[in-house]
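Participant: Sharing a sequence plus its predicted fold:
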Amino acid sequence: MDTQKSEKIDIDSLTPLQSIEVIFNMMNRAATKGVFNIDESYVLKVLFNKVTLELNKSNSSIDKTD
């Protein structure tokens, strides 16, 4: 029985940062179901943090130029 709520979102309107958050949440759900082993989960987390950091830098530079 899945206790997590399904939330409707318009994926076309998501920012890149929101998109990576959705990807991470979906992978996290899969990991809790045993789809990934601990090493793969670690690699995914490191890559997620790396991409998120770059997206945040990119968004910050865009905000400063506006």
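Facilitator: Looks like it came in fine.
Participant: So which residue is dead centre in the protein?
Facilitator: Closest residue to the average C-alpha location of the chain: E21 at 2.5 Å, with C-alpha atoms, centre = their mean.
Participant: mind showing which ranges of this structure have poor pLDDT?
Facilitator: For the chain, applying pLDDT under 70 flags the ranges 1-6, 64-66.
Participant: in the longest helix seen in it, what counts as buried?
Facilitator: The longest helix of the chain (DSSP state H) is helix 38-65. By neighbour count on 16 or more other C-beta atoms under 10 Å, the buried set for helix 38-65 is 41, 44, 48, 55. All C-beta atoms are positioned from the backbone trio N, CA, C, and that covers glycine.
Participant: what comes up buried for the helix or strand where N25 lies?
Facilitator: Assigned by DSSP states H and E, N25 belongs to helix 16-32. Of all the residues in helix 16-32, those buried under the rule 16+ other C-beta under 10 Å are 20, 24, 27, 31.
Participant: tell me which of these is nearest to S60?
Facilitator: I20 (15.6 Å; C-beta to C-beta).
Participant: In contact with that closest one, which residues are there?
Facilitator: With contact taken as C-beta atoms under 8 Å, 6 or more residues apart in numbering, I20 is in contact with 48, 51-52, 55.
Participant: so which two of the residues you listed are the farthest from each other?
Facilitator: Farthest-apart pair in the contacts of I20 is F48 and L55; separation 10.5 Å (C-beta to C-beta).
Participant: Ignoring the adjacent residues along the chain, who's closest to the residue nearest to the centre of the chain?
Facilitator: Distance criterion C-beta to C-beta, 6 or more residues apart in numbering; nearest residue to E21, sequence neighbours excluded, is T52 at 8.0 Å.
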